[in-house]
Every structure is written in structure tokens, then in C-alpha cells.
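Asker: Take this sequence and fold it.
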Amino acid sequence: MAIQQKLSLMIPGPTPVPEKVLQALSKHPIGHRSKEFQELVESTTINLQWLHQTQNDVLTITGSGTAAMEAGIISSLSKGDKVICGENGKFGERWVKVAKEFGLEVIKIVSEWGTPLNPEEFKKILEEDQQKEIKAVILTHSETSTGVINDLETISSYIQEHNTALSIVDCVTSLGACNVPVDEWKLDIVASGSQKGYMIPPGLSFVAMSQKAWEAAEKSNLPKFYLNLKSYRKSLLSNSNPYTPSVNLIFALDESLKMMREEGLNNIFFRHNKHKLAMSNAVKSLNLKLFADEKHLSPSITAIKTGEIDAEEFRKTIKNKFDILLAGGQDHLKGKIFRVGHLGYINDRDILTVISAISKTLLDLGKVTAQEAGEAILVASRYLDKN
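Answerer: Numbers count the residues shown, from 1 in each chain. Down below sits the predicted model:
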């Protein structure tokens, strides 16, 4: 097989990286204790606050999104604390495991994969907690394993009514794709990762912290060292980092955030939404079914059921024939669904290309007619043409 030199990433991460960001990544490293690096940290911090729509601290960690979530949990809670964990996909399951690993008492709110978490279940449990024993609510905003986005705004409002519990939120694939106004929604701890909407390679993660979260951090007794967010906050006062950061990734971050500011938040959100609508409606015209609840589709990824078609073979065919990488199903969904990422540095051409590849593959399998294959492009175009 020929080496694939033009592989198109249509997965939920890593996502495609713009040329300007790649050029920034290739700069000669500088000292991470230098004045030049401090200026870089100051610039990226201001733009991170803009992206998060917050006046509070946004910390940068060299590590993945999981590191950011773990840091948020262990920096704000204590052993034996009672927490609610929302679980409606692979990443919700992960936060349950992390919480239990650190000796937290977990109350699970579970929804079937493909359906959103029910905010009213959070409300009920929080209202019944008259002794204020629940110290945090941990959940995933955009659950990319299933293509569902959860109603974070409503759930956060119920957390605020409780008045004691913190919100600890995985926004790894929603930050930079849809509106996450951290201050307006009064979110306490918000985690995200570089290889998603930020449009840079894997290796950095980010944690936004409210004042309420910092107050909780003063009481936290869970073991921590590298991921102790108090250390990062102290260093940020001098535009520094407590440990050796990935300097070149921060060069890339600086460039990507400037690109995002130039595009503007509303334009970023609009672009992701129209790509979601184009993709989801196009695949339905190809006689395929969406896996996720259609009222709660993530702007970052579309999960598609393949029925009698083996989803893994389908993905393999598209990769070999068209140099397009799609994501597969996880755990019990392996072979049953494939997932199309439309997160970060994705444009209309990418959407039309992947729909064409899916249509042609289905046509070759005898699952659609030529007319239906063509109709999918027309359907997608109607959404893409909207400004």
C-alpha cells in the first residue's frame, strides 16, 4: 500500500492543524524562564480568558485533557467527599473511575449511550441533600463517544441552587466549538485540551477556576504534586509555569488563539453548528441513522449507525480509498457506529469531501442509488450556503 501523505483527520481529535500554527510550532525553543516566554504566557492567558468568557484564572498544563480533569478533581476535593458523576458515554465513565480511584463517594446519574443526561435528576438529588454533603458535580459537556451534548447550562443552574457543590466539567470537545460562557453560567472548574477546538497538536490542557473553586482548593487533602493547581496559580502571577512546559506547543497556542480571535466567537460557533447540521442531515438522506438523540447533537462530532454494515470495515475502506480517517465506536459500539469529527480547523470543503466519500462507499456497496448519493451533497450544501 502506498504511504498516505494526505490523510484527512475527520475524528474528534487530534484535529487538523492550520499552516500558521505548524509554522509557529517549528520555531526554535526559548527558555521557559526567560522574559520572552513570560510575554508569551501573558498573551496566551489573556486570549484563553477571552475564549472561556471568564475573568477568572485559566491555567495551562503540559498534559492531556484527562490530566486537566484529574487536576480539577484532586485540587478541589478531599478523600471521602460525596460527588455526583454524570455518565452517558465513555468519558463520563472515565470520570467515575477517576473519582473512585481517589476515594470519593460517587453518586452516578446514568443515561443510555446516545441520550443526554437528564438535568432534573441532578436537581432532585441536589435538592434532597439538605446536609450539603455533596461537594461536586462532575460531568462531560460534549460526549464524543456518542455525539451527544448535555444541557450544561441547566445542570449548572441547579448546582448553583445547591450553593455548596462545585461544577467540574469536561469541556474538552465543546470549548472552541460552541458557547461555553464560564462566568455567565457560573461554572467552577472547566477542563479542555489542545488537540480539539484549539487546533494544535496534543500535549496541552487547560483548567478554568472560579473563586469558589480556589476556596475549595484550600481545604483539599487529596494527594497531588505535578497536578496541584495551586502551584500553577502561583506561577501564573509571574507569567510562568511551575514545571518545564511544552514551549513549542505554547508558540502554537499563541498563534491558534490569535486566529480564533480574528474569526470571532460567534462565527466559530456558527461554523461548527452549520457543519453539524450539514453532516447530520446529509447522512440521513443516505438512509443512515444518527446514533445520538437528534435534539442534543454535539457540534463537534456526528455518530452514525451502520446497521448491517460493519462500521470498522466501512472506516477502513474510506481510509484506504480516500485518505480520510473517521472514528470508530467504542466498547460495545465497536463495529456498530462510525463517527465523523467536524471540530476545530474544518471548513465547508472538508464536510463536502467526507460526505462524498461516504456516499461513494455506500453506492459501491449497493446501499444507495446514484440519485441518493447526489442528494446527500445537495442537502449538505443547503446548510453550508447559510451565512
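
Asker: Which residue ranges of the stretch 251-387 of the chain form helices?
Answerer: When assigned using DSSP state H, counting those that start in this stretch, the helices of the stretch 251-387 of the chain occupy the ranges 265-285, 311-322, 348-364, 370-384.

Asker: Would you mark the buried spots in the third one?
Answerer: This points to helix 348-364. Residues of helix 348-364 classed as buried by neighbour count (16 or more other Cβ atoms under 10 Å): 348, 350-352, 354-363. (Glycine included, C-beta is placed from N, CA and C.)

Asker: Turn those into JSON lines, columns for distance to residue 180 and pLDDT.
Answerer: Conversion of the buried residues of helix 348-364 to JSON lines gives the following (distance: Cβ to Cβ, whole Å; pLDDT from 0 to 100):
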{"residue": "348", "distance to residue 180": "24", "pLDDT": "98"}
{"residue": "350", "distance to residue 180": "23", "pLDDT": "98"}
{"residue": "351", "distance to residue 180": "23", "pLDDT": "98"}
{"residue": "352", "distance to residue 180": "28", "pLDDT": "98"}
{"residue": "354", "distance to residue 180": "26", "pLDDT": "98"}
{"residue": "355", "distance to residue 180": "28", "pLDDT": "98"}
{"residue": "356", "distance to residue 180": "32", "pLDDT": "98"}
{"residue": "357", "distance to residue 180": "31", "pLDDT": "98"}
{"residue": "358", "distance to residue 180": "30", "pLDDT": "98"}
{"residue": "359", "distance to residue 180": "33", "pLDDT": "98"}
{"residue": "360", "distance to residue 180": "36", "pLDDT": "97"}
{"residue": "361", "distance to residue 180": "35", "pLDDT": "98"}
{"residue": "362", "distance to residue 180": "35", "pLDDT": "98"}
{"residue": "363", "distance to residue 180": "39", "pLDDT": "97"}
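
Asker: ok, so of these, who is nearest residue 43?
Answerer: residue 350 (29.0 Å; Cβ to Cβ).

Asker: my guess is the closest one contacts residue 15, does it?
Answerer: No: taking Cβ atoms under 8 Å as the contact criterion, residue 350 and residue 15 are not neighbours in contact, 10.5 Å apart.

Asker: Number of residues surrounding the nearest residue to residue 279 once chain neighbours are set aside?
Answerer: Using Cβ to Cβ, 6 or more residues apart in numbering and skipping the chain neighbours, the partner closest in space to residue 279 is residue 302 (4.6 Å). Counted with other Cβ atoms under 10 Å, residues neighbouring residue 302 total 27.

Asker: for residue 224, same thing?
Answerer: Residues lying near residue 224 (other Cβ under 10 Å) number 18.

Asker: Model confidence score at the residue nearest to residue 279, please.
Answerer: Each residue has a pLDDT score; the one for residue 302 is 98.

Asker: list the contacts for it?
Answerer: For residue 302, the set of contacting residues under the criterion of Cβ atoms under 8 Å, 6 or more residues apart in numbering consists of 147, 276, 279, 280, 283, 290, 292, 339, 340, 342.

Asker: mind checking the backbone torsions on the first one?
Answerer: Right, residue 147. When read as degrees, to the nearest 10, the backbone of residue 147 gives phi 80, psi 20.

Asker: That one and residue 293: what is the separation?
Answerer: As defined by Cβ to Cβ, to the nearest Å, residue 147 lies at a distance of 9 Å from residue 293.

Asker: repeat for the third one
Answerer: For residue 279, the distance to residue 293 under the criterion Cβ to Cβ works out to 16 Å.

Asker: Ok, residue 107 next?
Answerer: In this structure, residue 107 and residue 293 are 23 Å apart, going by Cβ to Cβ.

Asker: right, so of the helices of the stretch 251-387 of the chain, which gets closest to residue 241?
Answerer: Taking Cβ to Cβ as the criterion, helix 265-285 is the member of the helices of the stretch 251-387 of the chain that comes nearest to residue 241, at 26.4 Å.

Asker: between that closest one and helix 370-384, how many degrees?
Answerer: Regarding helix 265-285 and helix 370-384, their directions subtend 160 degrees when assessed with axes from the mean of the first three to the mean of the last three Cα atoms, to 10 degrees.

Asker: could you dump the buried residues of helix 348-364 to TSV with distance to residue 221?
Answerer: Listed next are these as TSV, based on distance: Cβ to Cβ, whole Å:
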residue	distance to residue 221
348	51
350	47
351	48
352	54
354	48
355	52
356	56
357	52
358	51
359	56
360	58
361	54
362	56
363	60
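
Asker: so residue 138 is in which element?
Answerer: When elements are defined using DSSP states H and E, residue 138 is found to belong to strand 134-140.

Asker: so what are the domain limits for the protein?
Answerer: Partitioning the chain according to automatic domain parsing yields domains covering residues 8-14+264-384, 19-262.

Asker: Tell me the gap between the last one and the middle of its chain.
Answerer: Mean-position distance between domain 19-262 and its chain equals 10 Å (Cα atoms, centre = their mean, to the nearest Å).

Asker: can you give me the end-to-end distance of that domain?
Answerer: One end of domain 19-262 sits 16 Å from the other (Cα to Cα, to the nearest Å).
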